[in-house]
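[1] below: sequence and its predicted model.
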Amino acid sequence: MTGLTNKRLLLGVSGGIAAYKTAFLARLLVKAGAEVRVVMTDGAQAFVQPLTFQALTGHPVHTTLLDPEAEAGMGHIELARWADLILIAPASADLMARLAGGLANDLLSTLCLATPAPVHLAPAMNQGMWQHPATQHNASLLAQLGYTLIPPESGEQACGDVGPGRMPEPETLLHWIEQHFATATNNTVQPATGLRITITAGPTREPLDPVRYLSNHSSGKMGYALAAAAAELGAEVHLISGPVQLAVPAGVQCLPVTTAEEMLQACEARRNQTDLFIACAAVADYRAEQVAEHKIKKQSGQDAMTLTLVKNPDILAQMATGSPRPFCVGFAAETQNVEGYAQDKLLRKNLDAIVANDVSDPGIGFGSDDNRVTLLLRKGEHTEIRPLPQNSKQQLARQLLLELLTFYKEQQQP
């Protein structure tokens, strides 16, 4: 028996070269014991034939909204009610736009509106399409509407471009689905039950021109581990993520962003629905004063180039001083005087707690799987310092959350 035995998975496939990966995913889901039904858009059928999915799942593939035989019994409504989970992989830019607009002009979009089941999207498209403001706006709107987006991975694309927009591999999506059901079936009352936690994670990217940007080495692993731990502890979790190559943890609503200004807007939009705000993202301190419309070319005889940078907004400080004010937790990634700089940041930004870690240590720095941190808790005019031993980021995230939840509840008492 596996965690997917007898689970009812509705697999949506929209147009894109990544549709071939979805065929492998369907095979893995069936092997794991799930009942799988497939719905394909017209665009998807241009890349993979429905017969492929029928052979892999053992069930006819659904392609038409107004199928006379199925509609005699309101087939699309029955299919929407049947599913325990709808996963759309790949989710094209066109499909995302239609879902964001609430359209129901084909079978797949109609099912998404009619189903009581959670709907998760694995976007896949050209890097330029993914990073276009219209697509990012639609991604933000979809997250607000309750859809879960799995951030696309970066890498070489079928068109020859390199950048974000690749659909995660079938094994990654399978693991993510297993996590979703493992969390959903855990009905134990947890310490974070009833709390709304917003977490930022990953780096931001500040464009210089259409092909270059300023960023940092953050992998997002710590923020994603915190989001997973918060969901497992019973919280309603919203993850606001910069560009990373990680699958969204089960039970977590994720909004992908790129720049610091986009991250600030997303955080402010969540202010009224946030009890705890945990700023784990490595936000770029500066951005280009002007973004070049075209690629900046190297000039003959030019040995140096001057860039004018301006300060980015301080997301954590704005969340800690605005109204309503959530319980605010910051991160201080330092290379020297770690506790001293963290203490200064705790007081200067009016935070409730801060997590300090030494990123100069290659064993626990950016991109590593382990971490060792010190938790600083602000108690009136005093600061309590709690060093936490080195551990995997997953184990450390759970320990951090438990410490923070205890402190948060203490602060809420009259």
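    Cool, the structure landed.

[2] burial count for T406?
    The tally of other residues near T406 (other Cβ atoms under 10 Å) stands at 12. No exception for glycine: its C-beta is placed from N, CA and C like everyone else's.

[3] do V248 as well
    Every residue meeting other Cβ under 10 Å relative to V248 is counted, giving 25.

[4] what of the one 5 residues further on?
    Residue neighbour count, defined by other Cβ under 10 Å, stands at 22 for Q253.

[5] T374 - that's part of a strand, no?
    Yes - residue assignment for T374, taken from DSSP: H, G, I helix; E, B strand; the rest coil, places it within a strand.

[6] residues contacting it?
    If you count contacts by Cβ atoms under 8 Å, 6 or more residues apart in numbering, T374 has them with 338-339, 342, 355-357, 385-388.

[7] repeat that for D314.
    D314 sits in contact with K349, where contact means Cβ under 8 Å, 6+ apart.

[8] swap the cut-off to 7 Å and go again
    Neighbour list for D314: empty [criterion: Cβ atoms under 7 Å, 6 or more residues apart in numbering].

[9] that older thread, buried subset of the contacts of T374 as a ChimeraX selection?
    ChimeraX command restricting those to the buried ones, with burial defined by 16 or more other Cβ atoms under 10 Å:
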select :338,339,342,355,356,357,388
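
[10] the contacts of T374 in helices, which ones?
    Using DSSP state H, 338-339, 342 are the members of the contacts of T374 that sit in helices.

[11] so where is the protein shaky, pLDDT-wise?
    1-2, 67-76, 183-189, 362-369, 414 (pLDDT under 70).

[12] mind redoing it with 50?
    For the chain, applying pLDDT under 50 flags the ranges 1, 71-74, 187.

[13] and the residue minimising distance to the centre of the chain, its phi and psi?
    Centre of the chain computed as the mean C-alpha position; nearest residue by Cα atoms, centre = their mean is C254, 3.6 Å away. Per-residue torsions, C254: phi -120, psi 130 (degrees, to the nearest 10).

[14] for G234, same thing?
    For G234, the backbone dihedrals are phi 100, psi 0 (criterion: degrees, to the nearest 10).

[15] ok, the one 4 residues further on next?
    Main-chain torsions, H238, degrees, to the nearest 10: phi -120, psi 120.

[16] distance check, the nearest residue in space to Q390 that is not next to it in sequence against V39.
    Once flanking residues are discounted, Q390 sits nearest to R372: 3.8 Å by Cβ to Cβ, 6 or more residues apart in numbering. Note on R372: its distance to V39, by Cβ to Cβ, to the nearest Å, is 47 Å.

[17] and the two? Which one has more around it.
    Shown here are R372 and V39; by other Cβ under 10 Å, V39 has more neighbours (29 against 15).

[18] if we ignore the residues flanking it in sequence, what's nearest D358?
    For D358, the spatially nearest residue (Cβ to Cβ, 6+ apart) is V338, at 5.0 Å.

[19] right, and the one you found touches V355 too?
    No - applying Cβ atoms under 7 Å as the test, V338 and V355 come out as separate, 10.7 Å apart.

[20] and R287, what are its bridge partners?
    According to DSSP bridges, the partner residues bridging R287 are V310.

[21] distance of it relative to I240?
    In this structure, R287 and I240 are separated by 18 Å, where distance is defined by Cβ to Cβ.

[22] out of the two, which sits in the more crowded spot?
    Counting neighbours by other Cβ under 10 Å for R287 and for I240 shows that I240 has the greater number, 31 against 22.

[23] residues contacting the more buried one?
    With Cβ under 7 Å, 6+ apart as the criterion, the residues that contact I240 are 198, 200, 255, 257, 263, 266-267.

[24] now it: how far from S215?
    Taking Cβ to Cβ as the measure, I240 falls 16 Å from S215.

[25] for A18, grab phi and psi.
    Comment: the main-chain dihedrals of A18 come out as phi -70, psi -10, following degrees, to the nearest 10.

[26] you'd agree it is up against P123?
    No - look at A18 against P123 with Cβ under 7 Å: they stay out of range, at 9.5 Å.

[27] returning to what we had before: R205: which of the contacts of T374 is nearest?
    Of all those, the one with the least separation from R205 (Cβ to Cβ) is N357, at 22.2 Å.

[28] now that closest one. Nearest residue, chain neighbours left out?
    With Cβ to Cβ, 6+ apart as the measure, V373 is the residue that lies nearest to N357, at 4.4 Å, once sequence neighbours are left out.

[29] closest one of the contacts of T374 to V283?
    The shortest distance between V283 and any of the contacts of T374, using Cβ to Cβ, involves V355 and amounts to 15.1 Å.

[30] how about V30, secondary structure?
    Three states are possible here, and by three-state DSSP the one that applies to V30 is helix.

[31] burial count for it?
    17.

[32] which residues sit in contact with it?
    For V30, the set of contacting residues under the criterion of Cβ under 7 Å, 6+ apart consists of 36, 56-57.

[33] okay, and which of those residues map to helices?
    The members of the contacts of V30 that map onto helices under DSSP H are 56-57.

[34] can I get the contacts of V30 in TSV with distance to S323 and neighbour count?
    What follows is those, written out as TSV (distance: Cβ to Cβ, whole Å; neighbours: other Cβ atoms under 10 Å):
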residue	distance to S323	neighbour count
V36	48	23
L56	53	22
T57	52	21
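
[35] hang on, the earlier thing: save the ones in helices among the contacts of T374 as TSV, and put in distance to E206 too.
    Output for these, formatted as TSV (distance: Cβ to Cβ, whole Å):
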residue	distance to E206
V338	26
E339	29
A342	25
